[in-house]
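A.B. asks: next come a sequence and a model predicted from it.
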Amino acid sequence: SQSLPSGSQSLPSGSQSPSDRLGATALQVPARLMLVEEAEQCLPGHSFETLQVMLEQDHVLHVELHHPEKRIAVNMAFWREMVECFQDVGQDSSCHATVISGAGKCFMAGIDLMGMGSEFMMVEGEDRARKAWNLCRKICEYQETFSVLEKCPKPVIAAVHGACVGAGVDLISACDIRYCAQDAWFQEVDIGLVADVGTLQHLPKIMGSWSLVNELAFTTHKMMAPEVQSSSLVSRVFADKEMLLQRALEAATTIAARSSVAVQGTKVNLLCSWDHPVPKSLRYVATWNMSMLQTEDILKSVQVAMEKKGPEDVPFSKL
Ligand SMILES: CCC/C=C/C=C/C(=O)SCCNC(=O)CCNC(=O)[C@H](O)C(C)(C)COP(=O)(O)OP(=O)(O)OC[C@H]1O[C@@H](n2cnc3c(N)ncnc32)[C@H](O)[C@@H]1OP(=O)(O)O
């Protein structure tokens, strides 16, 4: 059988239909069985090769992409570690929201053109059918690197500065909120292949203009910050990286102070409406809320609203 990157036994294999995605979000099966207490201690200090995880505020994690000397060109470890990291974020009840950014001069320079070329050229298999089968499995595993961001019920905010190329666009298109700095620019892959890990599936739904999506995909047109804002790829542009991170962390802190029942349930149901027609999504939220409306968070929230306080004043229980 095809040899896998080390540690990749923890990656789910096979492509997922929208309903699989929803099911996985709603009823996540732990990838690595871990007690909540262990998960809480584990993530911020966890040592990854390509990711640095920092606890920024109460309940807010900052995941920084690392490989600054190669402009965050992503290597084999990255594809595996993103899955490990965001599966753990999903399980960690003390994390309510996450910011993801790039260390050094840019957000991401795409795949490591030197290190990863052989990954797709050298596919094992005794004949073409078996090679194709193994290649399909591999592509599905790489898709999971960014799909994990959607499956994670905690909102993920992408904070982009400088270049965001190829796989960087795949990554941000799977995030829940996208902010960028004035110096940010975005560009599709131009290495003789069809992008296959999320960009083409997400961008038409995210951006307001099919024409612009096509332009970006067909011509590899370099989009600068004002253009990505007017096309809705990002919702806010900030003067520089410092301001960008500050405002991304502020947004994450606001989210983290709210009821987890409300925030995580909202993410799951927004994804449902992304994937399904309105009647089906309405039925789903009715089924969702027949249990979730029984939360104590509603009473607590109403009480503080009456007292003219904010959600940060409510002692919500962990989820
Ligand atoms: C696997 C599943 C499917 C996924 C497919 C994804 C495909 C893609 O991502 S395609 C996109 C590939 N990326 C690129 O084409 C971008 C290449 N890089 C650049 O254009 C520039 O480096 C960049 C604009 C990002 C930054 O420019 P700057 O002037 O600031 O830096 P450089 O001097 O160019 O680079 C500094 C060192 O980093 C190395 N480097 C940069 N990008 C990559 C890369 N993608 N892969 C490998 N190495 C990279 C660059 O060679 C320099 O190294 P050194 O010469 O040793 O200092």
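C.D. replies: Sure, I can see it.
A.B. asks: give me the pLDDT value at residue 200.
C.D. replies: Per-residue pLDDT puts residue 200 at 95.
A.B. asks: number the chain from 282, please
C.D. replies: Right, with 282 as the first residue, what we last looked at is residue 481.
A.B. asks: spit out the contact partners of it.
C.D. replies: Applying Cβ atoms under 8 Å, 6 or more residues apart in numbering to residue 481 gives the contacts 475, 498. In short, each C-beta sits where N, CA and C put it, glycine included.
A.B. asks: so it, which of the three states?
C.D. replies: Per DSSP: H, G, I helix; E, B strand; the rest coil, the local secondary structure of residue 481 is helix.
A.B. asks: that one and the ligand, how far apart?
C.D. replies: 12 Å (Cβ to the nearest ligand atom, to the nearest Å).
A.B. asks: residues touching the helix or strand containing residue 531, excluding its own?
C.D. replies: Following DSSP states H and E, one finds residue 531 within helix 522-538. Residues from elsewhere that reach helix 522-538, judged by Cβ under 8 Å, 6+ apart: 337-341, 343, 377-380, 382, 436, 438, 440-442, 458, 460-462, 464, 517, 519, 544, 591-593.
A.B. asks: out of the residues you listed, name the ones that lie in strands.
C.D. replies: Members of those lying in strands (criterion: DSSP state E): 337-338, 341, 343, 378-380, 382, 438, 440-441, 458, 460-462, 517, 519.
A.B. asks: what subset of those is buried?
C.D. replies: Neighbour-count burial within these applies to 337, 341, 343, 378-380, 382, 438, 440-441, 458, 460-462, 519; the criterion is 16 or more other Cβ atoms under 10 Å.
A.B. asks: of those residues, closest to the ligand?
C.D. replies: residue 441 (12.6 Å; Cβ to the nearest ligand atom).
A.B. asks: and the residue of the stretch 282-431 of the chain that's closest to the ligand?
C.D. replies: Closest point on the stretch 282-431 of the chain to the ligand, by Cβ to the nearest ligand atom, is residue 391, at 2.5 Å.
A.B. asks: hang on, isn't that residue packed against residue 467?
C.D. replies: No. Look at residue 391 against residue 467 with Cβ atoms under 8 Å: they stay out of range, at 11.2 Å.
A.B. asks: where do the contact lists of those two overlap?
C.D. replies: Joint contacts of residue 391 and residue 467 (Cβ under 8 Å, 6+ apart) are 446, 449.
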